[in-house]
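In: Sequence and predicted structure are below.
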Amino acid sequence: AKQEGRNGFQFYAQDMNRTSLGDLLLENQLRGAIERGELELHYQPKVCAQSGQLESAEALLRWRHPELGLIAPGRFIPVAEESGLIVVIGEWVIRETCRQLAAWSEAGLNPVPIAVNLSAQQLCQPELTTQVAQALAKSGVSANLLEFELTETMLMRDIDRSLSTLGHLREMGVSLAIDDFGTGYSSLSYLQQFQVQVLKIDRSFVNDIRVRGADGKIAAAIIALAHSLGIKVVAEGVETEAQHRFLTRHGCDLLQGYLFSRPQPAASFAQQLATQHSG
Ligand code: C2E
Ligand code: CA
Ligand code: CA
Ligand code: CA
C-alpha cells in the first residue's frame, strides 16, 4: 500500500518489496561496522534443569551504534539478510566466538560450549565448513566447544545441501541444534538424518505453560519426542518458576531464559564462568 512517510516522503514499501529509507541508512552504516569494531556478542547461559549448573551458552549479536546505542538483532539482522551482509557478519560471529573461547581458556577459565546462530544464507555458502575449520584451527579451540543453532525452515529449504553441510560439521565434531523447534515445517523423519544433538523448544510453547501447567502439552510432547530419538532438549524463554518446574518435571535437559540470566557482555559472562567452574 502507498504510505505517507513522516516528512511527506512517499514510498511503496510493501508493493515494491523495497526496504524503507531507515533500513537503507542502517544498511550503509552496517557496512563497515565490523571494521569499526561496533559488533559484539553477548552470552546467555543455558543451565542444567536439575542442578541449575551453567552448562553452555548462546552467543547473541549486538550492534553498539555510535549514536543509537546498543541495537538488538531483531532490528538489524533483517537488513543484513536482505543486503547479503549477513554472510560476512555471520563469519565474524564464528571467528569472534572462537577467539573469545580461546581467550577465556588462556585466562585460566574453563569455558562452556557456545552456540552460534546461523542464517540461511550462511548455510548455502559452500565455504561455510572451511570457515568453521579455519576459525577453530586459528584459535586452537576444540570443536566440541562450538555448537550451531539452525531453524527447521532453513534446513528444509535445500535438504540435500543441508544434509551434506551438516554432515561435514558433525565430522569436525561441532554439535547442532534446531532452534525455535515446533514453529517450522520440518519433517520428523529428517531429524535423525540431520544429525542434530539438541532441539530448542520455541519460546511460544514455553510461554504457554501457565501457573497450573495444564497448557504445556506441546512442550511436553516435544521433550518426549526428542528423548525418544536420543536428542537433548533446551527450553528457551523461561521466565517463571512455574515454567521452570513444569519443564524440569517433564525431563527437559537445559533451560535458558530471563529467569536465570539475560544475555550478558563477555566480561560479566566471564565472571560467571569463574564462579561456576572454580576448582
Ligand atoms: P533466537 O535465536 O531465538 O534467540 C533467542 C532470543 O530470545 C534472544 O533475543 C534472547 O535475548 C531472547 N530471550 C532469551 N531469554 C528470554 C526470555 O526469557 N524472555 C524473552 N522475552 N526473550 C528471551 P535477541 O538477542 O534479541 O535475538 C533475536 C534473534 O536474532 C535471535 O533469536 C536470532 O534469530 C537472531 N540472532 C541473534 N544473534 C544472531 C547471530 O549472530 N546470527 C544470526 N544469523 N542471527 C542472530
Ligand atoms: Ca538461537
Ligand atoms: Ca530460538
Ligand atoms: Ca526465535
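Out: Received, thanks. Ligands and ions are numbered 1, 2, ... in the order given.

In: Not counting its neighbours along the chain, what's nearest residue 73?
Out: residue 61 (4.9 Å; CB to CB, 6 or more residues apart in numbering). All C-beta atoms are positioned from the backbone trio N, CA, C, and that covers glycine.

In: Please apply the same query to residue 34.
Out: Residue 34 sits nearest to residue 92 (CB to CB, 6+ apart), 5.2 Å away.

In: That neighbour - how many residues pack around it?
Out: By other CB atoms under 10 Å, 17 other residues sit near residue 92.

In: related to what we said a few turns ago, what are the C-alpha coordinates of the helix or strand containing the residue nearest to residue 73, in PDB please?
Out: In the assignment (DSSP states H and E), residue 61 maps to strand 54-65. Presented in PDB, the C-alpha positions along strand 54-65 are these (Å, rounded to 0.1, in the frame of the first residue of the first chain):
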ATOM      1  CA  LEU A  54      25.900 -23.400  34.000                       C
ATOM      2  CA  GLU A  55      26.200 -25.900  31.100                       C
ATOM      3  CA  SER A  56      26.600 -23.800  27.900                       C
ATOM      4  CA  ALA A  57      25.600 -20.500  26.400                       C
ATOM      5  CA  GLU A  58      24.200 -18.900  23.300                       C
ATOM      6  CA  ALA A  59      26.100 -16.100  21.600                       C
ATOM      7  CA  LEU A  60      23.700 -13.200  20.600                       C
ATOM      8  CA  LEU A  61      24.800 -10.400  18.400                       C
ATOM      9  CA  ARG A  62      24.500  -6.800  19.400                       C
ATOM     10  CA  TRP A  63      25.500  -3.600  17.400                       C
ATOM     11  CA  ARG A  64      26.900  -0.800  19.500                       C
ATOM     12  CA  HIS A  65      25.900   2.000  17.300                       C
END
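
In: average pLDDT for the helix or strand following it?
Out: Note on strand 54-65: by DSSP H and E, the next helix or strand toward the C-terminus is strand 69-71. Strand 69-71 carries an average pLDDT of 94.

In: Walking through this protein, point out its strands one by one.
Out: Ranges of strands in the chain, per DSSP state E, are 3-4, 10-11, 39-48, 54-65, 69-71, 114-117, 146-151, 175-181, 198-201, 232-235, 254-255, 264-265.

In: Let me have those strands in TSV, extended by mean neighbour count and distance to ligand 2.
Out: Shown next, in TSV, are the strands of the chain (neighbours: other CB atoms under 10 Å; distance: least, CB to the ion, whole Å):
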stretch	mean neighbour count	distance to ligand 2
strand 3-4	10	32
strand 10-11	12	32
strand 39-48	21	9
strand 54-65	21	6
strand 69-71	13	18
strand 114-117	22	5
strand 146-151	23	4
strand 175-181	22	4
strand 198-201	27	7
strand 232-235	26	9
strand 254-255	24	13
strand 264-265	15	16
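
In: List the contacts of residue 218.
Out: Residue 218 makes contacts with 182, 205, 208, as judged by CB atoms under 8 Å, 6 or more residues apart in numbering.

In: what sits opposite the most centrally placed residue in the chain in the beta ladder?
Out: Closest to where the C-alpha atoms of the chain average out (CA atoms, centre = their mean) is residue 117, at 3.4 Å. Listed beta-bridge partners, residue 117: residue 149 (assigned using DSSP bridges).

In: sorry, back to before: you'd agree the residue nearest to residue 34 is up against residue 33?
Out: No - judged on CB atoms under 8 Å, residue 92 makes no contact with residue 33 at a distance of 9.5 Å.

In: Give me the common contacts of these two.
Out: By CB under 8 Å, 6+ apart, the residues touching both residue 92 and residue 33 are residue 39.
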